[in-house]
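# Below: sequence and its predicted model.
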Amino acid sequence: MSREMKDSGVEWIGEIPKNWDVMKLLFVLRSPITDGPHETPNLVESQEGIPFISVDSLNNTKQVDLSIVKKYISVKDYKEYRKKAFLEKGDVLFTKAATIGKTAIVDNPTEYMVWSPIAILKPSKKCFNEYLYYILNCKEAIKYTRDIIGHETTQVNVGMRDLEKLKIPIAPFDEQKRIAIFLDSKCGAIDQAIQKQKDIVDKLMEYKQSTITQAITKGLNPNSEMKDSGVEWIGEIPQNWSIMRLKYAYDNSNGNAVKVGPFGSQLKSSSYVSSGEWVYNQRTVLDENFETNDTFVSKEKANSLSGFKVYPNDVLITTRGTLGHIAIVPNNAPSGILHPCIIRFRIDSNVINPRLLKYMFNNSDFFIKQIELTNNSTTIDALYSYNLCNLVFPVIPLSEQKNIIDFLDLKCLEIDESIERSNKIIQKLEEYKKSLIYNAITGKIDCRGEVK
């Protein structure tokens, strides 16, 4: 049965059922919105402290994820912070900075304390807390708060007073409960379907990595005669292969086979201009994007740093953040210089095809595992030229290299297409979920007959 609707008078809401109201968020709360303490906490050992919750702990569920806790505070500090950020069961948490719009409902208020990027909302009897949770999950509501109420499209946070001005649809209280129950059921099923596709993607990524590792360490012929590589974690390799350090595969024909990006004092942020010579940075390499860029220096500055110039067929590798990702500079690449976070090296293609090297670096853990073993750590802050030159790799006859590259090109394309299909399903499910939440909390679908 169709419902009689009316104009809400609010752009993001549109029409609502005739018996619903529109109210500012502040007027459905027991008190103004507060947030966690702004003071930098004194961190303590986890077994002695109280979890100090950051944005990361608010995920895709109604509860705070206590498995993602990076900081803890003392019981003494907790008692002081609690005087300001007083959590109660049923409060709604909302991330107003960093990743905006993540929400959760407080279940056990004495388990943790929240930090300043998290706002605390205390619903009154006019607003069921789980209904408010879904309203704050609505992308249209958050966009409206940032772009219209906040008068700023690029702001990195939503002010608490701005959030209080947000006009929201208010259904009769019993209907709010029915909407929340309806969305719990529907969104739960959607989340399960999304997780199933994410699991498929994870397995495909693992399969892709294992396929590449198998090909670059064992070859394509399962009947090949094998020998010990002399490297424990590589194990056996085909009899006609050998092991070499990367430095012996450098192309020194023009000298200067390896070049580390300039020191920060040589290339300061004040050197950057809006257009000019490219600075080949992390983003360039990670995206393998040689068509667009956002980091430039003047031609004069580039000339003063001519020793860091980038040429076609150079191999660029990231040394910070995402370590060990490489890109091969194409022939038509723009003129430019290295960023301080990039190392450039040149490879002798008579020893190893750069495309095969790219598979080793970017699509397997072949080299990263070595770097971790060298540093005796799984958390590496930077990649240095001495780490790079001492990496070992299998030396494969060039004819076999071509066969391996052709095989991996085809096999990885098949895997990537399967991953893309799953990612498209995930995207459609997420869009459907967002649409469902919006239509339910604004009364455009009638949930009254959906919940028994």
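Structure's in. What do you need?
# Tell me, how many residues neighbour Thr292?
9 (other Cβ atoms under 10 Å). For every residue, glycine as well, the C-beta is placed using N, CA and C.
# That one: what's it in contact with?
If you count contacts by Cβ atoms under 8 Å, 6 or more residues apart in numbering, Thr292 has none.
# got a list of what Leu323 touches?
So Leu323 contacts Ile368, Ile371, Ile380, Ala382, Leu383 (Cβ under 8 Å, 6+ apart).
# Quick check: the closest residue to the last one other than its chain neighbours vs Leu66, distance?
Meaning Leu383. Nearest non-adjacent residue to Leu383, counting by Cβ to Cβ, 6 or more residues apart in numbering: Thr319, 4.3 Å away. Distance of Thr319 to Leu66, computed by Cβ to Cβ, to the nearest Å: 35 Å.
# Among the two, which residue is more densely surrounded?
More neighbours surround Thr319 than the other of Thr319 and Leu66, with 25 against 12 (other Cβ under 10 Å).
# Might one say that that one is in contact with Tyr384?
Yes - in this structure, Thr319 is within contact of Tyr384 by Cβ atoms under 8 Å, at 7.3 Å.
# any idea of the pLDDT on the residue nearest to Leu383?
On pLDDT, Thr319 comes in at 91.
# Check the one 5 residues further on too.
pLDDT for Gly324: 89.
# Would you agree Ile135 falls within a helix?
Yes - the assignment for Ile135 (DSSP: H, G, I helix; E, B strand; the rest coil) places it in a helix.
# Per-residue confidence, it, what does it come out as?
pLDDT recorded at Ile135 is 95.
# now do Ile179
97.
# From Lys139, how far out is it?
Taking Cβ to Cβ, one finds Ile179 at 17 Å from Lys139.
# now do Glu130
For Glu130 relative to Lys139 (Cβ to Cβ), the value is 18 Å.
# so how far is the one helix or strand in the chain whose mean pLDDT sits lowest from its chain's centroid?
When the helices and strands of the chain are scored by mean pLDDT, DSSP states H and E, helix 366-375 comes last with a mean of 75. Centroid displacement of helix 366-375 relative to its chain, using Cα atoms, centre = their mean, to the nearest Å, is 23 Å.
# which strands and helices sit next to whichever helix or strand comes after that helix?
Remark: after helix 366-375, the chain's next helix or strand is helix 385-389, criterion DSSP states H and E. In terms of contacts (3 or more Cβ pairs under 8 Å, 6 or more residues apart in numbering; DSSP states H and E), helix 385-389 is packed against strand 258-260, strand 342-345, helix 366-375.
# Mind doing that once more with 7 Å?
Applying 3 or more Cβ pairs under 7 Å, 6 or more residues apart in numbering; DSSP states H and E, we find helix 385-389 packed against strand 258-260, strand 342-345.
# Which one, of those, ends up nearest to Val75?
Closest to Val75 of those, according to Cβ to Cβ: strand 342-345, at 46.5 Å.
# In the sheet, which strands lie alongside that closest one, parallel or antiparallel?
strand 258-260 (antiparallel), strand 315-318 (antiparallel) (DSSP bridges).
# What's the first helix or strand after the first one?
In other words, strand 258-260. Next element after strand 258-260 (DSSP H and E): strand 272-273.
# Any chance you could list what contacts that next one?
Strand 272-273 has contacts (Cβ atoms under 7 Å, 6 or more residues apart in numbering) with Thr295, Phe296, Val297, Ser298.
# Note down every partner strand of that strand and its orientation.
Determined by DSSP bridges, the sheet partners of strand 272-273 are strand 296-297 (antiparallel).
# circling back: neighbour count: Ile179 and Lys139, which is higher?
Ile179 (27 against 14).
# Check the offset of the strand or helix carrying the more buried one from the chain's centre.
Element membership of Ile179, judged by DSSP H and E, is helix 173-218. Centroid displacement of helix 173-218 relative to its chain, using Cα atoms, centre = their mean, is 16 Å.
# Identify all contacting residues around stretch 185-192.
Counting by Cβ under 7 Å, 6+ apart, Asn60, Leu429, Tyr432, Lys433, Leu436 sit against stretch 185-192.
# quick one: contacts for the second one?
If I follow you right, that is Leu429. By Cβ under 7 Å, 6+ apart, the neighbours of Leu429 are Ile190, Ala193, Ile194.
# and the last one, how many residues sit next to it?
Same thing as Ile194. 20.
# cool, and Thr211?
17.
# dump the residue contacts of it.
So Thr211 contacts Lys411 (Cβ under 7 Å, 6+ apart).
# again, but for Arg320
Gln282, Cys341, Ala382.
# That one pairs with what?
Counting by DSSP bridges, the residues bridging with Arg320 are Ala382.
# measure it to Tyr359 for me?
23 Å.
# Gln282 now?
Gln282 is 20 Å from Tyr359, by Cβ to Cβ.
# Any regions of this structure where pLDDT drops low?
Low-confidence segments of the chain, defined by pLDDT under 70: 1, 41, 45-47, 146-156, 374-380, 449-452.
# The closest residue to Ile352 other than its chain neighbours: how many residues sit nearby?
The spatially closest residue to Ile352, leaving aside those adjacent along the chain, is Ala249, at 5.4 Å (Cβ to Cβ, 6+ apart). By the criterion of other Cβ under 10 Å, Ala249 has 21 neighbours.
# List the residues that contact Ala249.
Ile347, Asp348, Val351, Ile352.
# Show me what the least confident helix or strand of the chain packs onto, helices and strands only.
Secondary elements touching helix 366-375 (3+ Cβ pairs under 7 Å, 6+ apart): helix 354-362.
# okay, the angle between the helix it packs on and helix 173-218?
Angle, helix 354-362 to helix 173-218, by axes from the mean of the first three to the mean of the last three Cα atoms, to 10 degrees: 130 degrees.
# before we move on, the earlier item: kindly format the C-alpha coordinates of the least confident helix or strand of the chain as CSV.
Only the C-alpha atoms of helix 366-375 are listed here, as CSV (Å, rounded to 0.1, in the frame of the first residue of the first chain):
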residue,chain,number,x,y,z
PHE,A,366,60.2,-12.6,-3.4
PHE,A,367,62.3,-9.5,-2.7
ILE,A,368,60.5,-8.1,0.3
LYS,A,369,61.0,-11.4,2.1
GLN,A,370,64.8,-10.9,1.5
ILE,A,371,64.7,-7.4,2.8
GLU,A,372,62.9,-8.5,5.9
LEU,A,373,65.3,-11.3,6.6
THR,A,374,68.3,-8.9,6.1
ASN,A,375,66.8,-6.5,8.6
